[in-house]
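Asks: Give me coordinates for this.
(2 chains)
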Number of protein chains: 2
Amino acid sequence: MAANQNIEEGLEFTPKFDDNGLITAIAQDAKTGQVLMVAYMNREALDTTIQTGCATYFSRSRKKLWKKGEESGHVQKVEQILVDCDQDCIILKVTVDAGQCHVGYQSCFYRALKPGSDKNLENIAEKIFDPKKIYKI
Amino acid sequence: MAANQNIEEGLEFTPKFDDNGLITAIAQDAKTGQVLMVAYMNREALDTTIQTGCATYFSRSRKKLWKKGEESGHVQKVEQILVDCDQDCIILKVTVDAGQCHVGYQSCFYRALKPGSDKNLENIAEKIFDPKKIYKI
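Replies: Here you go, the predicted structure:
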């Protein structure tokens, strides 16, 4: 198979990291299908995730590995890892408890564009925990 | 509110484009919750998507706007646009017909890591169309 075809049709996992050494990772609730968050992994974060079964990302702001839930306790147990056609994005199917977003919601996607507007959002979820009680920043 | 808090808690849509002028966009089936694909938008692609109601991305390889389905006919009708806490990623909840991935599957995520392996994939879906009959490349 040609290289490109091998990436798309083959069964070898060859994740493609970008110029910063990162790959986009989507955490999706394995049970409900809700997209919980989007973050990034370097090779080490991906390897750690595969080895431990707990989602571990690379924090672009803190420039270090970040085990999801290390501070909040809201870890993500990885049930399955999916990869897309060109292998530059992965989905983690995860089992979680309550409150995956640091703002206090179950998902980071708690707002939607109001119908007919291009700049006004509306809340589509309720907070389920108080971040001030969880994070000590 | 402080700037950061406004981005996270406010109801003004202020999408954050990266150094290349792009924002990550996830297309998710509005009915089933299946993640179909991940692509990128520049400001113009996002505006076009909002205005037309049809998902339009920016092709990083072809360096131009790309209305999903312009060649294959498999357009994405946008039902809702969600944004995450730091507004650097959006989800398009879309209604689609069959076959969203150019390889022939309903979703680009048609492979998963085999349990216990860090390099072997397994197919988790069946092709639903023949790309050769759709694309004339």
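Asks: Stretch A:52-63: end-to-end distance?
Replies: 21 Å (Cα to Cα, to the nearest Å).
Asks: how about it, does it reach chain B?
Replies: No: Stretch A:52-63 does not reach chain B (Cβ under 8 Å from any Cβ of the partner chain); its nearest approach is 9.8 Å. For every residue, glycine as well, the C-beta is placed using N, CA and C.
Asks: Show me which positions of that stretch end up buried.
Replies: Neighbour counts over stretch A:52-63 (16 or more other Cβ atoms under 10 Å in any protein chain shown) mark A:C54, A:A55, A:T56, A:Y57, A:F58 as buried.
Asks: Among those residues, name the ones in strands.
Replies: The strands, defined by DSSP state E, take in A:T56, A:Y57, A:F58 from the buried residues of stretch A:52-63.
Asks: ok, now how distant is the last one from chain B?
Replies: Put plainly, it is A:F58. 15 Å (Cβ to the nearest Cβ, to the nearest Å).
Asks: Not including adjacent chain positions, what is the nearest residue to the residue of chain A found nearest chain B?
Replies: Nearest residue of chain A to chain B, counting by Cβ to the nearest Cβ: A:G33, 2.9 Å away. Leaving aside its chain neighbours, A:G33 sits nearest to B:G33 (2.9 Å; criterion: Cβ to Cβ, 6 or more residues apart in numbering or on different chains).
Asks: just checking, that neighbour touches A:T32?
Replies: Yes: between B:G33 and A:T32 there is a contact at 7.2 Å, judged by Cβ atoms under 8 Å.
Asks: can you pull out the strands in chain A?
Replies: So, for chain A - with DSSP E - the strands run A:23-29, A:35-41, A:56-59, A:64-67, A:77-83, A:89-95, A:111-113, A:121-123.
Asks: between these, which gets nearest to B:I50?
Replies: strand A:111-113 (7.2 Å; Cβ to Cβ).
Asks: what about the closest one, average pLDDT?
Replies: Averaged over strand A:111-113, pLDDT sits at 98.
Asks: Same question for stretch A:67-84.
Replies: pLDDT averaged over stretch A:67-84 gives 94.
Asks: what does stretch A:44-55 give?
Replies: In this model, stretch A:44-55 carries a mean pLDDT of 98.
Asks: Then stretch A:20-34?
Replies: pLDDT averaged over stretch A:20-34 gives 97.
Asks: How about it, which residues are buried there?
Replies: Buried residues in stretch A:20-34 (16+ other Cβ under 10 Å): A:L22, A:I23, A:T24, A:A25, A:I26, A:A27, A:Q28, A:D29, A:A30, A:Q34.
Asks: Please name the residues that touch the third one.
Replies: Same thing as A:T24. Neighbouring residues of A:T24 by Cβ atoms under 8 Å, 6 or more residues apart in numbering or on different chains: A:V38, A:Y40, A:D88, A:C89, A:I90, B:T24, B:V38.
Asks: Kindly report the same for the first one.
Replies: Applying Cβ under 8 Å, 6+ apart, we find A:L22 in contact with A:Y40, A:M41, A:N42, A:F58, A:R60.
Asks: how about a cut-off of 10 Å?
Replies: Contact analysis of A:L22 by Cβ atoms under 10 Å, 6 or more residues apart in numbering or on different chains lists A:A39, A:Y40, A:M41, A:N42, A:R43, A:A45, A:L46, A:Y57, A:F58, A:R60, A:D88.
Asks: By residue count, which helix of chain A is the longest?
Replies: With secondary structure taken from DSSP state H, chain A has its longest helix at helix A:43-52.
Asks: Now do it against strand A:23-29, angle only.
Replies: Calculated by axes from the mean of the first three to the mean of the last three Cα atoms, to 10 degrees, helix A:43-52 forms an angle of 30 degrees with strand A:23-29.
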